[in-house]
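K.L.:
My questions are about this predicted structure, shown below with the sequence.
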Amino acid sequence: MTLPPGFVPDEPSAASATPKDAATVVLARDGAHGIEVFLLRRVLGMAFAGGMSAFPGGGVDRRDADTAVAWTGPEPTWWAERFGCGPELARALVCAAVRETFEEAGVLLAGPDADSVVADTTPYAGARRALVAREASLAEFLAGAGLVLRADLLRPWANWVTPPEEQRRYDARFFLAAVPTGQHADGATSEAEDSAWQRPADALADWQAGRRALLPPTWMTLAELAECGSLARALTVERRIAKIVPRVVRRDGVLRVVLPGDPEYQEAAGHLDARPEDRLEHR
């Protein structure tokens, strides 16, 4: 797979950067012709994945590990088993998933109690701005609003790690969540130029035609969801989650991303120096 248009690897450092823990949330709904997902087109000038279409998400904040968060659904130990990490990190990942989804898409996976979910997020617009500005933590917001985090509305999906060749690296756990009834994803974030709902197959077709730029975790997730066909199937399919670490290789001046299982994967260099003759081609 050749790198998509607009993707330029960061200049390599002497040693591979340590990945930052992150959470990515695939928001989905049933459309007229099957499952649809919510995609954000990241601002072109962003340091990481600028211009790419991606799902809501971001890095874990240290305050996401606050044990004061009112919580219902699978416990952190359950998430830790799925993502192969400790319970403390698992708690922080779930909280980051809920926080980032609210910050970037305006969708709030929380409710007044264990059996309900917010149907209108408009009253929490101020809290959303405070979260984005880091003026409040998720725990503070939920406590002040009398809300409970609904971990049962999330499903573990995948674990992707940015290639070692990148300076900015993320160990991103992917979650799947259905948009709660009554809520609307808006994409009102300074990190995105636009947003849209699309069928996974249509988003992949746009990628193949050069109308969208997608990184491997995004197009792979879209392909998997397209195979599911329906939201109900996607939410109930059993997933075996292992870390996937793409690598970057050069062939005849073309930079390509290879995944585990590709014959070139084991031969991929640990670091890739940029050369003037290198060119990026779309598959």
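P.N.:
Thanks, I have it. Numbering: from 1, shown residues only.
K.L.:
Averaged pLDDT, the lengthiest helix in the chain. What do you get?
P.N.:
Determined from DSSP state H, the single longest helix within the chain is helix 87-105. In this model, helix 87-105 has a mean pLDDT of 97.
K.L.:
and if you look at stretch 150-168?
P.N.:
Confidence over stretch 150-168, taken as the mean pLDDT, stands at 92.
K.L.:
buried ones in it?
P.N.:
For stretch 150-168, the buried set under the neighbour-count rule, 16 or more other CB atoms under 10 Å, comprises 150-151, 153-166. To be clear about C-beta, it is placed using only N, CA and C from the backbone, and glycine gets the same treatment.
K.L.:
nearest to residue 122, of the residues you listed?
P.N.:
The shortest distance between residue 122 and any of the buried residues of stretch 150-168, using CB to CB, involves residue 150 and amounts to 18.6 Å.
K.L.:
Give me the helix or strand of the protein that scores worst on average pLDDT.
P.N.:
Of all the helices and strands that make up the chain, the one with the lowest confidence by mean pLDDT, DSSP states H and E is strand 254-258; it has a mean of 76.
K.L.:
what helices or strands is it leaning on?
P.N.:
On a contact count with 3 or more CB pairs under 8 Å, 6 or more residues apart in numbering; DSSP states H and E, strand 254-258 meets strand 247-251.
K.L.:
Between strand 254-258 and the strand it packs on, find me the angle.
P.N.:
Orientation note: strand 247-251 sits at an angle of 150 degrees relative to strand 254-258 (axes from the mean of the first three to the mean of the last three CA atoms, to 10 degrees).
K.L.:
Partner strands of strand 247-251 and their direction?
P.N.:
strand 254-258 (antiparallel) (DSSP bridges).
K.L.:
If you drop the residues flanking it in sequence, what lies closest to residue 151?
P.N.:
Leaving out its chain neighbours, the residue that sits closest to residue 151 by CB to CB, 6 or more residues apart in numbering is residue 73, at 3.2 Å.
K.L.:
Could I get the buried residue list for stretch 112-125?
P.N.:
Applying a neighbour-count criterion of 16+ other CB under 10 Å, the buried positions in stretch 112-125 are 117-118, 121, 124.
K.L.:
export it as PDB, just CAs?
P.N.:
Provided in PDB are the C-alpha atoms of stretch 112-125 (Å, rounded to 0.1, in the frame of the first residue of the first chain):
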ATOM      1  CA  PRO A 112     -28.400  10.400  34.500                       C
ATOM      2  CA  ASP A 113     -28.300   6.700  35.500                       C
ATOM      3  CA  ALA A 114     -27.200   3.300  34.400                       C
ATOM      4  CA  ASP A 115     -30.300   2.800  32.200                       C
ATOM      5  CA  SER A 116     -30.600   6.100  30.400                       C
ATOM      6  CA  VAL A 117     -28.500   8.300  28.100                       C
ATOM      7  CA  VAL A 118     -28.500  12.000  27.400                       C
ATOM      8  CA  ALA A 119     -30.900  12.700  24.500                       C
ATOM      9  CA  ASP A 120     -30.000  16.400  24.000                       C
ATOM     10  CA  THR A 121     -26.400  17.700  24.600                       C
ATOM     11  CA  THR A 122     -27.300  21.300  24.000                       C
ATOM     12  CA  PRO A 123     -27.400  22.100  27.700                       C
ATOM     13  CA  TYR A 124     -23.800  20.900  28.000                       C
ATOM     14  CA  ALA A 125     -22.300  23.200  25.400                       C
END
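K.L.:
what's the average pLDDT for that stretch?
P.N.:
Summarised as a single mean, pLDDT over stretch 112-125 is 96.
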